[in-house]
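Undergrad: Fold the following.
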Amino acid sequence: MLKIAIVEDEQSYVNQLKEYLDRFQKETDEIISISEFHDGDEITSKYTARFDIILMDIQMKFVDGMTAAKEIRKMDSEVTIIFISNLAQYAIRGYEVDALDYIIKPVTYFAFSQKLSKAISRMQKRKNRFITVTVKGGVQRIDTTDIYYVESFGHNLIFHTKQQDYISGVTMKSAEELLANMNFSRGNKCYLINLEHVEGIQDNCAIINGEKLMLSRNKKTSFMQELTKYWGDLK
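TA: Coordinates of the predicted model:
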């Protein structure tokens, strides 16, 4: 079952989104559970990480969608957020809270179904993106979506993740093979970077979780091509 929250203060849009979700269920055989919230404070006040997708209006009277999303991200790093807005410039700020996408009002069913399908596809990929690496004293299972980057350090690799750093004796070549087709790219000979966490490029560096990782001259072109393709695939 797919659990979706609608956070929208205009009831007409709530009704429209519910109609679209009902149509999507019938066309795809997805089973969807819908919860309604009419302002950002309603969903954040007693939030629990039970939703798969949140459809969030940005412009609401009391607690706006961006503020609510920032609060939600403190409690839930996995939920997929899709913003809904009258103006594109508001929705584009979604990168600040790792929003998957945005939909501009008035919402058409075609655009909505495309965005929802992409969100479901992303969720399915995340379910099977685990690797197991050797660490001191045993092995560690790591969710690849939690990896910021892999760093070569002496004869070891450091897997920098959301939870902690893991030191492993595997080679960079082995790490590349483990992470093949999972949107990782070499920034230089020392770094294997998760494109999902690239916040931007500045001064020949990739910005990852607020940290600058230098892009080498011979790797920068291929890295930028792969990053551009990754960002393009998210549209």
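Undergrad: Run through this structure and note the low-pLDDT ranges.
TA: Where the chain drops to pLDDT under 70, the residues are 88-95, 125-128, 234-235.
Undergrad: okay, now the domains of it?
TA: 2-127, 131-233 (automatic domain parsing).
Undergrad: The ones you listed into CSV, with extra columns for mean neighbour count?
TA: Quick note: C-beta positions are derived from backbone N, CA and C, even for glycine. Converted to CSV, the domains of the chain look like this (neighbours: other Cβ atoms under 10 Å):
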stretch, mean neighbour count
domain 2-127, 17
domain 131-233, 15
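Undergrad: so who does residue 70 touch?
TA: By Cβ atoms under 8 Å, 6 or more residues apart in numbering, the contact list for residue 70 reads 96-97.
Undergrad: likewise residue 53?
TA: Per Cβ under 8 Å, 6+ apart, neighbours of residue 53: 2-5, 79-82, 116, 119, 123.
Undergrad: Just give the closest residue to the most centrally placed residue in the chain, not the sequence neighbours.
TA: Centrality entry for the chain: nearest residue to the mean C-alpha point is residue 98, 5.1 Å, by Cα atoms, centre = their mean. Spatial nearest neighbour of residue 98, excluding adjacent residues (Cβ to Cβ, 6 or more residues apart in numbering): residue 73 at 6.8 Å.
Undergrad: That neighbour and residue 199, how far apart?
TA: As judged by Cβ to Cβ, to the nearest Å, residue 73 and residue 199 stand 14 Å apart.
Undergrad: now do residue 69
TA: Applying Cβ to Cβ to residue 69 and residue 199 gives a distance of 16 Å.
Undergrad: Residue 83 too?
TA: For residue 83, the distance to residue 199 - Cβ to Cβ - is 17 Å.
Undergrad: next one: residue 52
TA: In terms of Cβ to Cβ, residue 52 sits 24 Å off from residue 199.
Undergrad: can you check residue 12 too?
TA: Taken as Cβ to Cβ, the span from residue 12 to residue 199 is 36 Å.
Undergrad: Is residue 200 located within a strand, as I assumed?
TA: Yes - according to DSSP: H, G, I helix; E, B strand; the rest coil, residue 200 belongs to a strand.
Undergrad: residues touching it, list them.
TA: 206-207.
Undergrad: From residue 224, how far out is it?
TA: 12 Å.
Undergrad: ok, residue 230 touching residue 181?
TA: No - with contact defined as Cβ atoms under 8 Å, residue 230 does not reach residue 181; the gap is 12.0 Å.
Undergrad: and residue 166, what does it touch?
TA: By Cβ under 8 Å, 6+ apart, the neighbours of residue 166 are 133, 135, 140, 142, 158-159.
Undergrad: sec struct for it, please.
TA: Quick answer, by three-state DSSP: residue 166 is strand.
Undergrad: secondary structure element for the closest residue to it other than its chain neighbours?
TA: Leaving aside its sequence neighbours, residue 166 sits nearest to residue 159 (Cβ to Cβ, 6+ apart; 4.3 Å). In this structure, residue 159 sits in strand 156-161 according to DSSP states H and E.
Undergrad: Thank you, goodbye.
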